[in-house]
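**Q** Make a model of this:
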Amino acid sequence: MHIRQIHGGEVLCTLEKTISKKLFDAVINPKNVQSLIRLTAFFLGYIRHYLPSVNERIQQQKYLDGHILARTIALSDIYEITVVNRSGDKRGAVIWPIPISGFPPSKLSSKQDAVFIRDLIDAMSSYFQFDLDDCIRKVITSLENCFSHYGLSTSSENLYSRIKALIVGRRTKIRRLVDEYVKERRYVYKERDLKILRENILFIYGLRNLVVHDKLRINPSQTTVCRKAIGTLLYVFQGNFLSKEHFEYIFSFYMQFLSLDGQHSGFSLELAEWRTTIEKKGKRPKYIENRNDLDKWMFEDLKITKRERRSIRTGKPEQHLPPSERI
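**A** Below you'll find the predicted structure:
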């Protein structure tokens with residue numbers, strides 16, 4: 001991959017990668033516009049893996065060279081993609097920008113506006129812009145502002161706990177609030193699943209402290225933990241301590257987040273590779289037969305694993321690609 005900056009803020013990236021001849025021919029000689037739109041998802045899968053490296057270069061220019069106005073870029077900032085063969089005699093354009101489907105309507109009036117919801121939306125925006133330090137900060141700020149907005153306190157709010165909170169710090173208070181309100185009596189989910197939410201939140205809170213106190217800078221490739229942080233917060237906000245109006249509004253743009261994340265992740269490519277792997281190994285995928293199976297699968301996928309925790313704490317790039325294709 002070659003990156004160079006041209007014409008002020010414009011960045012040109014050349015990515016050399018082997019793709020299938022069938023995919024290349026489909027771009028060079030498309031049957032129709034609809035077929036080109038379907039192909040876009042496959043190229044998204046290729047490009048997204050390398051975009052963190054581009055953003056890492058931009059961050060180096062911003063902080064080490066003093067380019068104050070430089071900012072990380074999202075997939076939606078890309079305005080042209082061209083596929084060219086090695087000899088340069090054949091080329092084709094990929095449909096771009098990404099075709100985005102319509103969103104569900106939002107359900108919030110100005111009278112129901114809340115700072116913690118704005119913080120959540122800001123966290124999502126930072127996630128898509130690969131500004132992951134800010135994403136983690138906003139996730140915890142949103143949670144703290146939610147507790148404050150609804151005036152939530154714990155049943156153990158006695159003199160001893162207040163003194164301990166002053167000595168140990170805010171982490172004690174966050175832990176108590178999470179333990180008090182992320183419980184079965186407030187959700188439709190089982191303790192098995194809510195335990196994952198509590199563990200995730202406490203890890204994300206610790207991560208936020210490392211970022212705030214200048215001990216950690218999250219690599220732009222570490223999107224998995226940040227995506228799970230947003231997902232965890234969205235599940236926490238399904239508790240019965242939220243008003244109906246706030247819950248409905250959050251749910252409406254949660255669908256937007258899932259739609260955008262699915263389109264930006266190159267899911268079609270990953271799904272195709274997963275199917276190929278399953279077929280080669282002769283394995284049969286597990287089927288979801290009831291609500292309990294669905295919840296178990298969803299929360300297991302949401303859990304921040306030990307490997308992911310170690311990886312993000314080191315500040316190293318997340319290993320999305322096989323060793324031969326890593327930068």
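**Q** from here on, contacts and neighbour counts on C-alpha atoms
**A** Noted.
**Q** residues in contact with Arg198?
**A** Residues in contact with Arg198, defined by C-alpha atoms under 8 Å, 6 or more residues apart in numbering, are 178-179, 182.
**Q** Name only those of the residues you listed that count as buried.
**A** Buried positions within the contacts of Arg198, assessed by neighbour count (16 or more other C-alpha atoms under 10 Å), are 178, 182.
**Q** can you give me phi and psi for the closest residue in space to Met1 that isn't next to it in sequence?
**A** Once flanking residues are discounted, Met1 sits nearest to Leu15: 4.5 Å by C-alpha to C-alpha, 6 or more residues apart in numbering. When read as degrees, to the nearest 10, the backbone of Leu15 gives phi -110, psi 120.
**Q** if I look at Ile304, how far off is Ile201?
**A** 10 Å (C-alpha to C-alpha, to the nearest Å).
**Q** likewise Lys138?
**A** Lys138 sits at a distance of 13 Å from Ile201 (criterion: C-alpha to C-alpha).
**Q** Next: Val212.
**A** On the measure of C-alpha to C-alpha, Val212 and Ile201 end up 16 Å apart.
**Q** Look at Ser76 and say how many residues are nearby.
**A** Here the count is done by other C-alpha atoms under 10 Å, and Ser76 has 12 residues near it.
**Q** Kindly apply the preceding question to Gln238 instead.
**A** As a burial measure, Gln238 scores 21 neighbours (other C-alpha under 10 Å).
**Q** wait, isn't it in contact with Tyr187?
**A** Yes: if you go by C-alpha atoms under 8 Å, Gln238 and Tyr187 touch, sitting 7.0 Å apart.
**Q** Disregarding flanking residues, what is the spatial nearest neighbour of the most centrally placed residue in the chain?
**A** With the centre of the chain defined as its mean C-alpha position, the nearest residue by C-alpha atoms, centre = their mean is Arg227, 2.8 Å away. Taking C-alpha to C-alpha, 6+ apart as the measure, Arg227 lies nearest to Tyr127, with 7.4 Å between them; neighbours along the chain are not counted.
**Q** Name the helix or strand for the one you found, please.
**A** Following DSSP states H and E, the helix or strand that holds Tyr127 is helix 115-128.
**Q** Look up how far Gly92 lies from the closest residue to Arg91 other than its chain neighbours.
**A** Sequence neighbours aside, Val84 is the residue nearest to Arg91 in space, at 4.3 Å (criterion: C-alpha to C-alpha, 6+ apart). Distance of Val84 to Gly92, given as C-alpha to C-alpha: 7 Å.
**Q** Local confidence estimate at Tyr67?
**A** Just so we're on the same page, residue 67 is His rather than Tyr. The pLDDT attached to His67 in the predicted structure is 81.
**Q** Quick check: it touching Arg57?
**A** No: His67 is not in contact with Arg57 according to C-alpha under 8 Å; the separation is 11.8 Å.
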